[in-house]
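1. Model the structure of this input:
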Amino acid sequence: GKLREPQLQAIEVYLWLKFVGHNQRLSDIIRKGLLYDEETAKSYDNYRNFGNNYTTQFLNQFFQDNTAKGLHKELVNDPDSEKIDWNKFLDDLLHNYTYPNYLFSLPMGAGKTYLMACFIYLDLYFASLYPADKRFAHNFIVLAPTSSKTAIMPSLQTIKNFNAEWILPKNTAEKIKQTITIEMLDALSSKRKDKLQGNNPNLEKANRLLQTKDMGLVFITNAEKVILERYDDKDKLIINKFKKGQVSLFDNKKLAEIVKMNELRERLSEIPYLSVILDEVHHLYGKDKTNQDKDKKTREAVNIFNQHGNVVNVLGLSGTPYVKHVVEVGNNKINLNQIQDIAYNYPLNEGIGRFLKVPDIKSADVKEKAFIKNALSDFFTNYNFIYKNGTKSKMAFYCPSIRVLNEDIYPAILEWYKENRKGMEN
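-> Predicted structure coming up:
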């Protein structure tokens, strides 16, 4: 009775993916017909063309739902993949990761952080029952997005506060809680050399724990702390040459430097039965040129975590999975405005009036600065209190750009504080 509707529904989907989908990639789940429903298929045109080919049955429905007439015509004329490899198209449509990748889309306020905790506890519960079953993770890495340096990390730490008795019997919850160790990899810079140990301080933490435990480790970090080390194309060439025995003396020095810079990431990739949990995961699908390189490296780092085949699955959470995605095939292409490997979606409008409050919308025909000051005065007069469960009321300003935030909105807020809450500006 403690979890919200979207959390419960997401857990049901998660358990389905584990026990019915056998923790396979979404494209493989579709190919095997685990999502196929005969009665639903019959309601679509050309259903009889595709027989028991679950890939083309799925695409027949998908193209019609998305009014992709050109691609639908290609599919109808080529149901046996003589011209187009529809299985490859399905992989590309679902972003073609080499590991099971599931995105859970829940709006802000639905409780995504506690849902992460639910996934962790559930995997550990089933892993304790079936310790050699590769469907269930024994250890976890939780990554905040590269674009977030302060706001997300403290929120992720609330995983520590989750009461496992909400989802498991008391004795079982207590037993599993004793196996969990949550560690923040939050050193100022993973490149900074520790003066005493001569090593990356985050690596020291990881090594200390991995020497004594092989189950129940939860590492939480901002992606920048782990990802944005040197691992560019030139480095990869040297590593490949080393593997082929073609390394010169110069390359050996370079190789030693590369290894030193990447040893934390390498060490984390050695963790067995690993689940990687990505918060605000839509950043990793984006085409924003400002963050594209960082986002690419974040996904590359996930691939590196899996270089020894230890990743059980990758779980992404987002409240805004609306990212443009183009998939081309033959002379046609489909333009999509939403991430496609969403396993569960709970839209914002369904939460309003349930676990989210019905908003009281106000407007005022005044200049922006006056509007901000009036809003602050209204908030601290009418809404500044602590709820029964200890939650403090909060106020958020959504800014169209960092420039507007720094040049217009923040100065107005600072000015209001100096006038009304002097000494509390910071």
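
2. show me the biggest strand of this protein in terms of residues.
-> Secondary structure of the chain per DSSP state E: the longest strand is strand 311-318.

3. Just the CA coordinates for it, please, in PDB.
-> Extracted in PDB, the C-alpha atoms of strand 311-318 (Å, rounded to 0.1, in the frame of the first residue of the first chain):
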ATOM      1  CA  VAL A 311      26.100  -6.800 -17.700                       C
ATOM      2  CA  VAL A 312      22.700  -8.500 -16.900                       C
ATOM      3  CA  ASN A 313      20.700  -5.500 -18.300                       C
ATOM      4  CA  VAL A 314      20.600  -1.800 -18.600                       C
ATOM      5  CA  LEU A 315      17.700   0.000 -17.100                       C
ATOM      6  CA  GLY A 316      16.900   3.600 -18.100                       C
ATOM      7  CA  LEU A 317      14.500   5.900 -16.300                       C
ATOM      8  CA  SER A 318      13.100   9.200 -17.800                       C
END
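
4. partners of it, with directions?
-> Take DSSP bridges as the rule and strand 311-318 pairs in its sheet with strand 101-105 (parallel), strand 274-279 (parallel).

5. average pLDDT for whatever helix or strand comes next after the first one?
-> The one in question is strand 101-105. Moving toward the C-terminus from strand 101-105, the next helix or strand (DSSP states H and E) is helix 112-129. The average of the pLDDT scores along helix 112-129 is 96.

6. What of stretch 207-218?
-> Here the average pLDDT along stretch 207-218 is 92.

7. So for it, first residue to last residue, what's the gap.
-> End-to-end span of stretch 207-218 (CA to CA, to the nearest Å): 13 Å.

8. buried residues in it?
-> Within stretch 207-218, the residues scored as buried using 16 or more other CB atoms under 10 Å are L209, L210, M215, G216, L217, V218. C-beta: built from backbone N, CA, C; applies to glycine.

9. now those in CSV, with secondary structure and distance to S43?
-> Shown next, in CSV, are these (DSSP: H, G, I helix; E, B strand; the rest coil; distance: CB to CB, whole Å):
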residue, secondary structure, distance to S43
L209, helix, 53
L210, helix, 53
M215, coil, 47
G216, coil, 47
L217, strand, 48
V218, strand, 45
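
10. which other residues reach the longest strand of the chain?
-> Strand 311-318 is contacted by residues 23, 97, 99-106, 112, 115-116, 119, 123, 134-137, 273-282, 284, 302, 305, 339 when judged by CB atoms under 8 Å, 6 or more residues apart in numbering.

11. if we can go back for a sec, nearest to K83, out of the strands paired with strand 311-318?
-> Closest of those to K83 is strand 101-105, at 28.6 Å (criterion: CB to CB).

12. Centre of the chain to that closest one, how far?
-> Centroid separation for strand 101-105 versus its chain: 7 Å, with CA atoms, centre = their mean, to the nearest Å.

13. Over to stretch 350-366?
-> 27 Å.

14. Same check on stretch 332-341?
-> Centre-to-centre, stretch 332-341 and its host chain are 19 Å apart (CA atoms, centre = their mean).

15. what's the average pLDDT for that stretch?
-> Taken as a whole, stretch 332-341 carries a mean pLDDT of 84.
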